[in-house]
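S.K.: pasting the structure only:
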């Protein structure tokens, strides 16, 4: 693969990875308009976000075996076509109930992008390159929380919320065209992969019983849960608690996203000298220290708006190191069943992230404590799992061996 084609493939994989976050971040500014237009409480509109998370989590498990059986491109193209149809339908939704169901369908379409991008990286690139490639994908994905909310707000203000979904359909159509023209088939049709339920479940059992996969997937899931906890708690903490307006909050949110991007790109530089595992081992401990310091600052009453923004930036910066490395490590043992491994990886991570948002909202007490505690707990469990692997499962180099 020459450098020119390699560059375009990485950009396309990044676009596939970004479509999912865009599907969330872009329509959030339209919640109030959606509620008014469809004559429904905002809380009911929020259920369309819940249905989306459910669809993304379960949908990945469906696409995993399909990607291993039929190759990467055909299921991907079918998923994108489903996404385009669902996006247009969301833009035409007559009620909140229909919007909730259509967002579920949209999620079933977009989740194939997440599964395929990880599987293709696993197919096309050597192990020592994958963490760096995933860092590049994080860079492209990082534009979502920076651009998508602003774009959604502008579209809602000038064209109405329905055009957000029409715009998403157009973006997906352009990505579909690029997939047809640019993306190579990285794994051919494999008739040995059975789609019978018992065999599918057995295939997932083979994946989840691989210790390295399970430990680093769940560890990465806890790191992502810290990010989801921030997304769930930040609007209340910064706008309600600290009195920021929407414009000020958008700036803080964008700067935090830059922290995540900066971490993932600094990770790419460290990979020139250090192995992915060594990086996540060190960073996971540092993440706990920063989260603990944030909680102590809250406990002592020192956590003002500036300190909160700095701590959040640092935590997202560190999560930017964790995500690409655990992805590379967790998927490394798989080839023929990389689709299933990628699907289970995404499902577990999304499930832990969704649980974090539930915890933040369930224990809301009018302070930033729920968000901080969930971020601290997520960092701790991430570190604990990686440390468990280090001291109990990591292969030991025999004495006297170079």
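M.R.: Cool, the structure landed. Worth saying up front: this structure is predicted, and the values here are computed from it rather than measured.
S.K.: How many neighbouring residues does residue 46 have?
M.R.: Using other Cβ atoms under 10 Å, residue 46 has 15 other residues around it. Heads up, the C-betas are built off the backbone N, CA and C, glycines and all.
S.K.: ok, now how distant is it from residue 35?
M.R.: Separation of residue 46 from residue 35 (Cβ to Cβ, to the nearest Å) stands at 9 Å.
S.K.: How far does stretch 321-332 sit from its chain's centre?
M.R.: Centre-to-centre, stretch 321-332 and its host chain are 13 Å apart (Cα atoms, centre = their mean, to the nearest Å).
S.K.: Let me see the residues that make contact with it.
M.R.: The contact list for stretch 321-332, computed with Cβ atoms under 8 Å, 6 or more residues apart in numbering, reads 118, 122, 127, 130-132, 134-135, 137-138, 212-213, 216-217, 219-220, 223-224, 263-264, 266-267, 270, 276-277, 279-280, 283-284, 287, 338, 341-342, 345, 382.
S.K.: Only the buried residues of it, if you could.
M.R.: Within stretch 321-332, the residues scored as buried using 16 or more other Cβ atoms under 10 Å are 321-332.
S.K.: Could you list the low-pLDDT ranges of the stretch 1-150 of the chain?
M.R.: The stretch 1-150 of the chain contains residues with pLDDT under 70 at 1-2, 4, 43.
S.K.: re the thing from before, now list the buried members of the contacts of stretch 321-332.
M.R.: 118, 122, 130-132, 134-135, 137-138, 212-213, 216-217, 219-220, 223-224, 263-264, 267, 270, 276-277, 279-280, 283-284, 287, 338, 341-342, 345, 382.
S.K.: In helices, which of those residues fall?
M.R.: Within the buried ones among the contacts of stretch 321-332, residues falling in helices by DSSP state H are 118, 122, 130-132, 134-135, 137-138, 212-213, 216-217, 219-220, 223-224, 263-264, 267, 270, 276-277, 279-280, 283-284, 287, 338, 341-342, 345, 382.
S.K.: any low-confidence regions in the stretch 301-402 of the chain?
M.R.: Within the stretch 301-402 of the chain, the ranges that satisfy pLDDT under 70 run 396-402.
S.K.: Would you mark the buried spots in the helix or strand harbouring residue 252?
M.R.: Assigned by DSSP states H and E, residue 252 belongs to helix 246-270. Using 16+ other Cβ under 10 Å as the test for burial, helix 246-270 gives 249-250, 252-253, 256-265, 267-268, 270.
S.K.: What average pLDDT does it get?
M.R.: The average pLDDT within helix 246-270 is 84.
S.K.: Which strands and helices lie in contact with that helix?
M.R.: Where contact means 3 or more Cβ pairs under 8 Å, 6 or more residues apart in numbering; DSSP states H and E, helix 246-270 is packed against helix 127-141, helix 144-158, helix 211-234, helix 305-331.
S.K.: mind redoing it with 7 Å?
M.R.: Identification of packing neighbours for helix 246-270 by 3 or more Cβ pairs under 7 Å, 6 or more residues apart in numbering; DSSP states H and E yields helix 127-141, helix 144-158, helix 305-331.
S.K.: Run through who's touching the first one.
M.R.: What that stands for is helix 127-141. Here helix 127-141 makes contact (Cβ atoms under 7 Å, 6 or more residues apart in numbering) with 10-11, 13-15, 17-18, 21, 117, 121-122, 125, 261, 264-265, 267-268, 271, 276, 320, 323-325, 327-328, 332.
S.K.: Just give me how far that helix sits from the chain centre.
M.R.: 13 Å.
S.K.: can you give me the angle that helix makes with helix 246-270?
M.R.: Inter-element angle recorded for helix 127-141 and helix 246-270: 160 degrees (by axes from the mean of the first three to the mean of the last three Cα atoms, to 10 degrees).
S.K.: again, but for the second one
M.R.: Here helix 144-158 runs at 150 degrees with respect to helix 246-270, directions being taken by the same axes, to 10 degrees.
S.K.: Can you give me the buried ones in helix 144-158?
M.R.: By neighbour count on 16+ other Cβ under 10 Å, the buried set for helix 144-158 is 144-153, 155-156.
S.K.: and the helix or strand just after it, average pLDDT?
M.R.: Sequence-wise, the next helix or strand downstream of helix 144-158 (DSSP H and E) is helix 162-182. Helix 162-182 shows a mean pLDDT of 95.
S.K.: Contacts for helix 162-182, please.
M.R.: Helix 162-182 is touched from outside by 8-9, 12, 15-16, 19, 22-23, 26-27, 30, 73, 76-77, 80-81, 83-84, 87-88, 90-91, 152, 155-156, with contacts defined as Cβ under 7 Å, 6+ apart.
S.K.: next one: the following helix or strand past it to chain centre, how far?
M.R.: Following helix 162-182 in sequence order, the next helix or strand is helix 197-208 (DSSP H and E). Computed by Cα atoms, centre = their mean, the separation of helix 197-208 from the middle of its chain amounts to 24 Å.
S.K.: which residues touch helix 197-208?
M.R.: Here helix 197-208 makes contact (Cβ under 7 Å, 6+ apart) with 65, 213-214, 334, 337, 340-341, 344.
S.K.: coming back round to it: could you redo the helices and strands packed on helix 246-270 as a markdown table and give each row distance to residue 171?
M.R.: Formatted as a markdown table, the helices and strands packed on helix 246-270 follow (distance: least, Cβ to Cβ, whole Å):
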| stretch | distance to residue 171 |
| --- | --- |
| helix 127-141 | 13 |
| helix 144-158 | 10 |
| helix 305-331 | 23 |
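S.K.: Nearest residue to residue 123 in space, please, no chain neighbours.
M.R.: Leaving aside its sequence neighbours, residue 123 sits nearest to residue 186 (Cβ to Cβ, 6 or more residues apart in numbering; 3.6 Å).
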